[in-house]
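S.K.: Sequence plus the predicted model coming up.
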Amino acid sequence: MTTGLPQCVQELIGKPQYKEQTEFPIEMGYVYNTCAAVQNGNPIYWDAEIAEQVVGGPIAPPTMLSVWFRPHYWSPGAAGERTALQTHFDLKRLLDLPEAIVSGNEAVFGEPVRMGDTLTTWQVIRSVSEFKQTRLGQGRFWTIDVETYNQRGEWVGTESYTCLGYHRQETSA
Amino acid sequence: MTMPRSLTAADVKEGQALPPLSHAVTATTVVLGALASRDWRPMHHDKEFAIHRNGVKDIFINTPNNAAWFERYITDWTGPKGRLGRMKFKMKRPVFPGDTMVFNGRVVKTFADDAGCQWVELEVTVSVDGQVNTECQARVAIPADEHDNPWQRKANGWRP
C-alpha cells in the first residue's frame, strides 16, 4: 500500500468514475484542425473518395480519441473553467499538489471513430505512487485509464495517462 | 488527390530506419496543436503562466498534439492503409517555440498475429539539438500484401 495516501484517494483506485458522452457528434472540422496543426496530409482525412475506398467513409485520426471529451472552455450555466480528465484534477486537490504535468501517455485503438458517432467514456485511477523527488519538485505520479465506446457498443480505445502532481521546487536566485 | 501507395509486409525489415522529419516549432505550432486538441490549459498558450506556474521557459507542445505528430510521422511512412494499433510515449523534456523537432524512427519487430494481421513495432524519438525529448513505442498494422487492408479488420480480427 502506498505510504501516506488519504483514505478517500485509496477508495477511488480502481473505481470507474465520470461516465459521460461526447457533447457533440463527431465532426470533420476538428479533424481538419488536427491534421492542419501537424501538417498531416494522409488522404483518408482529406479526400472523401479515398476515405470511402480505404476505411469505408470519413473517420478521425485514432490519436484524436481524447479530443472528443474535452469540454468547451465555457458553456451557458457553467461556473468557472471546465476541465477534462476530472480525476486528474481531483487527485491534485485531494493530495494537495498544486502543479501537475502529464509525463506519459499510452493508447490502444479499436474501431475507427466515424463522423456522427456519439462516444461514451469513463475514467479509472489505476495507481498513485509514493512521494518522489523529481527535477520539477517533490510529488507523486498517478496513472488514469480512460475507456471509450461508441453508440454501437464497440470499443474504440483506451488511453492511459501517467501524471506527476508536485510542489514546485523553489530555486535560489 | 491520388491514392499514395501503402507499404506492405514485403517492404519492411527489422532494423529499417524511417526517413527523418524535421519541423521548426513556433508559438503558433504550439497554440495550433493545443486548440485543435481542445486543450485550453494556459501552459500551452500563456507564456507567463508557463514560466511562473510550471517553472519552464515558455509554452510547450501538449500531450494530444504530441500524439498527433507521432501519428503523422508514422502514417507518412506507411501510407494510408497503415492503421495505428497502439502508441506509448514518454515526454522527458518539453518542446518549446524556437526548438527544431527532429523525428527519427526504427523498425524493432515485424510479425503477423493469429488473425493474420501484419504488425510493425516501431521506436520513434523526437529530438531537439541532438537530445531526445520524447520517446515513443508504436504498433502499426500494414497490409500483408497488395490485396490486404488492415482498416477492414473488426472485432476479433483486430487485436492491437
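M.R.: Sure thing, it's come through. Residues are numbered from 1 along each chain as shown, chains lettered A, B, ... in the order given.
S.K.: So what does the residue of chain B most remote from its centre look like in phi/psi?
M.R.: Ranked by distance from the centre of chain B (Cα atoms, centre = their mean), the top residue is B:H52, with 29.9 Å. Torsion angles at B:H52 (phi, psi; degrees, to the nearest 10) stand at phi -90, psi -20.
S.K.: mind listing the strands for chain A?
M.R.: Ranges of strands in chain A, per DSSP state E, are A:16-21, A:99-109, A:119-128, A:132-133, A:137-150, A:155-168.
S.K.: Identify the residue nearest the geometric centre of chain B.
M.R.: Nearest residue to the geometric centre of chain B (Cα atoms, centre = their mean): B:F70, 1.1 Å.
S.K.: was I right about it contacting A:P62?
M.R.: No. Assessed by Cβ atoms under 8 Å, B:F70 is found out of contact with A:P62, at 10.9 Å. For the C-beta atoms, the positions are set from N, CA and C on the backbone; glycine is no exception.
S.K.: Mind naming the longest helix for chain B?
M.R.: Secondary structure of chain B read by DSSP state H shows that its longest helix is helix B:63-78.
S.K.: And that helix, what does it pack against?
M.R.: If you count contacts as 3 or more Cβ pairs under 8 Å, 6 or more residues apart in numbering or on different chains; DSSP states H and E, helix B:63-78 packs onto helix A:28-37, strand A:99-109, strand B:17-24, helix B:27-36, strand B:83-91, strand B:100-112, strand B:118-128, strand B:131-142.
S.K.: Swap in 7 Å and give it another go.
M.R.: Counting contacts by 3 or more Cβ pairs under 7 Å, 6 or more residues apart in numbering or on different chains; DSSP states H and E, helix B:63-78 packs against helix A:28-37, strand A:99-109, strand B:17-24, helix B:27-36, strand B:83-91, strand B:118-128, strand B:131-142.
S.K.: So what touches the helix or strand of chain A with the lowest mean pLDDT?
M.R.: Ranked by mean pLDDT, DSSP states H and E, the helix or strand of chain A with the weakest confidence is strand A:99-109, at a mean of 89. With Cβ atoms under 7 Å, 6 or more residues apart in numbering or on different chains as the test, strand A:99-109 has contacts from A:62-63, A:65, A:88, A:92, A:157-166, A:168, B:53-54, B:63, B:67, B:84-91, B:160.
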